[in-house]
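In: take a look and give me a structure for this.
(chains A and B)
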Amino acid sequence: MSPVRLSQWRTGLAVVAVRAVNGVSRRAGRGAGTVAGGNAGLGIDPHLLERLARGREIALISGTNGKTTTTAMVTRGWGVPVATNGTGANMPAGHVAALVASRAPHAALECDERWLPEVVDQLAPRVVVLLNLSRDQLDRAAEVRRLAERWREVLGTGEFVVVANASDPLVAYAAGTAPHVHWCAAPTTWTLDARSCPACTRELMSGPEGWRCSCGFAQPPAASYLEEGDAVVRGTPVPLALGLPGRVNRGNALLALAALSELGIEPSAAAPRLAALREVEGRYGVTEIGGQPVRLLLAKNPAGFAAQLEDQAQGSGPLWIAINDGVADGRDPSWLYDVPFEQIRGRPVWCLGSRRLDLATRLWYGGVEATVVEGALPRHDGVIDVLANYTAFQDLRRGVVAP
Amino acid sequence: MFPELLGTYGDGGNALVLSERLVRRGRSASVTAIAPGDVFPEADLYLLGGGEDGPQRLAADLLAASSLRARVADGASVFAVCAGLQLLGTSFAVEGDAVYPGLDLVPATTVRGPARAVGDAATRVGGRIVVGFENHGGVTHLGAGLAPLGEVVVGHGNDAAHDGFRAGRVWATYLHGPVLAQNPWLADEVLSSVLGERLEPLASVADALYEARCARLRAMEA
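Out: Residues are numbered from 1 along each chain as shown, chains lettered A, B, ... in the order given. So this is what the prediction gives:
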C-alpha cells in the first residue's frame, strides 16, 4: 500500500474503533462512553483529530468557567446541525468522539484550558472563544499565569479569529499577540487572579475605560459589549431575554453571539435561538433529591462561586452547598477561603459532600449559619437551590449525596 | 502581606481565622491587607502566603525594602506558608535554578527539588499533629541553630524529614493555604504566642473538622 492509502486506512480503522468502543460502553451502561472510544481511536491513529477536523468549520470554546454553557449557546444559536461535545468531555478523546458521532460540516467544541494549545494546532478552528482565566484545581494544574503564557504563544500564530473577553486581564494578555481578535467586554465580579498586571506583575488600576497598568498594558477597546438588556455586537444592539439566569450567562451569551457573527450568523437571528436554552447538562435544571425538589447549580472554583453567590445574595431562605474533593474537583479545598461566602450571611446553609466539614468551618469563620448534613437530608418547602462543585454536581444529578 | 502576590491557595483564610478566633472571644482584632506601595503598617503579626515564581520574587524585593526585619527584631511575629516560608530564608530558587536572595530573617536556603510535592500532608509539632495540603517544588535546608516547626508525618515538607521552621516569633510551614482553619489548636498557639497569654477554649465546627482530618490520617497510616 502507498503511504497515503495506508494513512487513510488507518484513519478509517480508528473511526470504526471509536464507534465500536462507544457502542459497547453505552450498552454496558457506562455513560456516553465518549472518552473510551476517543482514546481507542487516537491509539490507532495519532493524527485522527486533525483528519476528522479537516474541511469543517469549527468554533473552539475555552476558559475556566462557562465553557459548557457557552458551547451549548453557540451550538443552539448556529441554527444548523452542529457536531458538539455537549456532555463536557473536553479533551482530545472527547473531541474525536464528537466529530465521529456527527458528520455535520460545523462543530462547536469546548476545550479544557490546559489542552487548548495542542487542540488549536490539530483542529485549525475558524474561531477560538476565550471566556476567562482564573484559578481552578491548582493542585493538579499549572498555575494560571503560566497557562496564559502558553495560550499567548499558540494564539500569536493562528489564522483564526479569537473572540476574547477583554474584561479579563489574563485573557487580554493571552490574546494580545493574535492577528485577528474580536474583543468583547463581559465584566466579572472575580478579580483575585487579575489584580496584578499579566505583563509586568505591577498592580492593575481600574477606571472608566476598564483596567490598565502603569506599564501601558490596558483593557483593549471592545467591539461588542453588554448594554442594559441588550448585547451590542459590532454596533448592532440585540435584545437578550435569556432562559438561563444570572449576570454571568449574559456575558457567555455575548461571547457566543460574537463568535457566531464571525461565523456569518446574524446576532438578531441567533439571539432568540440561544435564549430558548433553559438547562445545560443538568445546570439550572430542577430535579428531586430524597423527595426534595432542587435546582442544580454548578460552581467549581472561586470565580464560579463568586458569580453564583452574587445571584444567591438576592434570594432568601435555605440553600444547600455540596463540596467534594474528587480528583476532578482538586483534592485540596483551600480555595473555599477565596470564595466570598460572606455575601450570603442571613441565609441558612446546609453543608453536603465529602468536604462538608471544611465548608461548614469556612462558613463559621465567615459568619454564615451552617448545618452539617449527616444522614437524613433536610426537607424544605418549595424548590431549593443547590450549589455544587464538579463531582458533587454529578452525584446530585444522579440523585446521590456523597457520604 | 501583598495578598495579590502571595495568595494562591486561599491563604487569606489564615488572617480571617486568627482575627475571628479573637473576635469570637470578645477581643478585638483588625486585619489589614497590604498592597505594593502601601505604607508598611505596624502590626503584631505579619502573614505571608504562597505564590508563583514572579510574584514571589517581587514580594521578596518589597519585603526586603520594608521595615519587616526591624519590626520582627522589635518583637513582631510572622506566620508564613509555602512561598512565604521560602522568602524568609537566605535564598530561594526560582524559574530554572536561578538563585534569588531572600529576606535573610532565618538561616534557611531553598533549592529546586527533583519533583513537585503535591498532596495531603501532616507535621508533628510537639506531640500534636498539624494537618494540611502542600504543593511546592522546593527543598529547604535549615542552617545551624534553626529548628524545624516539626517532623513530617505525611508528605514532603522541607526535605521529607522536617517541615517549616520556628525561630522565636517566626513560624513557617509548607502546609499551604488556610492551614490554621484546619488546625484550630495551632491558630490558638500562634495567638497565644503573639499575646503572651493563654486563651480560653473556643468550640466550633473547626474542632470536628480537625478530628475528622486526624482520623483520616490515622486510617491512612494503619
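In: ok, what's across the strand from residue A:236?
Out: residue A:233 (DSSP bridges).
In: what's residue A:380 in contact with, if anything?
Out: With contact set as C-beta atoms under 8 Å, 6 or more residues apart in numbering or on different chains, residue A:380 has these partners: A:292, A:317-318. For every residue, glycine as well, the C-beta is placed using N, CA and C.
In: only alpha carbons, please: show the helix ranked longest in chain B as PDB.
Out: Ordering each helix of chain B by length in residues (DSSP state H) puts helix B:205-221 first. The C-alpha coordinates for helix B:205-221 follow below in PDB (Å, rounded to 0.1, in the frame of the first residue of the first chain):
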ATOM      1  CA  VAL B 205     -17.200  23.100  63.900                       C
ATOM      2  CA  ALA B 206     -13.400  23.600  63.100                       C
ATOM      3  CA  ASP B 207     -12.700  21.100  66.000                       C
ATOM      4  CA  ALA B 208     -14.900  18.500  64.300                       C
ATOM      5  CA  LEU B 209     -13.000  19.200  61.000                       C
ATOM      6  CA  TYR B 210      -9.600  18.700  62.700                       C
ATOM      7  CA  GLU B 211     -10.700  15.500  64.400                       C
ATOM      8  CA  ALA B 212     -12.000  14.100  61.000                       C
ATOM      9  CA  ARG B 213      -8.800  15.000  59.200                       C
ATOM     10  CA  CYS B 214      -6.700  13.400  62.000                       C
ATOM     11  CA  ALA B 215      -8.900  10.300  61.900                       C
ATOM     12  CA  ARG B 216      -8.400  10.100  58.200                       C
ATOM     13  CA  LEU B 217      -4.600  10.400  58.700                       C
ATOM     14  CA  ARG B 218      -4.700   7.500  61.200                       C
ATOM     15  CA  ALA B 219      -6.700   5.400  58.800                       C
ATOM     16  CA  MET B 220      -4.100   6.100  56.000                       C
ATOM     17  CA  GLU B 221      -1.200   5.100  58.300                       C
END
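In: could you pull out the helices for chain B?
Out: For chain B, applying DSSP H gives helices covering B:12-23, B:53-64, B:68-73, B:83-87, B:179-182, B:184-195, B:205-221.
In: go through the longest helix of chain B and flag the buried ones.
Out: Buried positions in helix B:205-221, judged by neighbour count with 16 or more other C-beta atoms under 10 Å in any protein chain shown: B:205-206, B:209-210, B:212-214, B:217.
In: check whether it comes into contact with chain A.
Out: Yes: for helix B:205-221, a contact with chain A is found by C-beta under 8 Å from any C-beta of the partner chain, at B:205-206, B:208-209, B:212.
In: how does chain A divide up, domain by domain?
Out: Following automatic domain parsing, chain A resolves into domains at A:1-44, A:47-275, A:286-397.
In: got CSV for the ones you listed, with mean pLDDT too?
Out: Listed next are the domains of chain A as CSV, based on pLDDT from 0 to 100:
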stretch, mean pLDDT
domain A:1-44, 79
domain A:47-275, 91
domain A:286-397, 94
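In: now those in a markdown table, with distance to residue B:109?
Out: Output for these, formatted as a markdown table (distance: least, C-beta to C-beta, whole Å):
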| stretch | distance to residue B:109 |
| --- | --- |
| domain A:1-44 | 44 |
| domain A:47-275 | 23 |
| domain A:286-397 | 26 |
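In: for chain B, what lies in contact range of chain A?
Out: Within chain B, the positions near chain A by C-beta under 8 Å from any C-beta are B:4-5, B:7-13, B:16-17, B:20, B:35-37, B:52, B:54-55, B:58, B:118-120, B:133, B:135, B:176-178, B:181-182, B:204-206, B:208-209, B:212.
In: so does stretch A:63-83 get close to chain B?
Out: No: judged by C-beta under 8 Å from any C-beta, stretch A:63-83 and chain B are separated, with a smallest distance of 14.8 Å.
In: tell me, how many residues neighbour residue A:385?
Out: Residues lying near residue A:385 (other C-beta atoms under 10 Å in any protein chain shown) number 19.
In: look up which residues are beta-bridged to it.
Out: With DSSP bridges as the rule, residue A:385 is bridged to residue A:295.
In: what about chain B, any weak spots by pLDDT?
Out: Within chain B, no range satisfies pLDDT under 70.
In: how does it look with 80?
Out: B:8, B:54, B:94-97, B:221-222 (pLDDT under 80).
In: which of the contacts of residue A:380 are close to chain B?
Out: Among the contacts of residue A:380, no residue sits close to chain B (C-beta under 8 Å from any C-beta).
In: ok, of these, which come out buried?
Out: Using 16+ other C-beta under 10 Å as the burial test, the contacts of residue A:380 include A:292, A:318 as buried.
In: now the buried members of the residues of chain B next to chain A.
Out: Buried positions within the residues of chain B next to chain A, assessed by neighbour count (16+ other C-beta under 10 Å), are B:4-5, B:7-13, B:16-17, B:20, B:36, B:52, B:54-55, B:58, B:118, B:120, B:133, B:135, B:176-178, B:181-182, B:205-206, B:209, B:212.
In: in the stretch 51-200 of chain A, which residue sits nearest chain B?
Out: Nearest residue of the stretch 51-200 of chain A to chain B: residue A:195, at 3.8 Å (C-beta to the nearest C-beta).
In: surely that residue is in contact with residue B:4?
Out: Yes: Residue A:195 lies in contact with residue B:4 (C-beta atoms under 8 Å); the separation is 3.8 Å.
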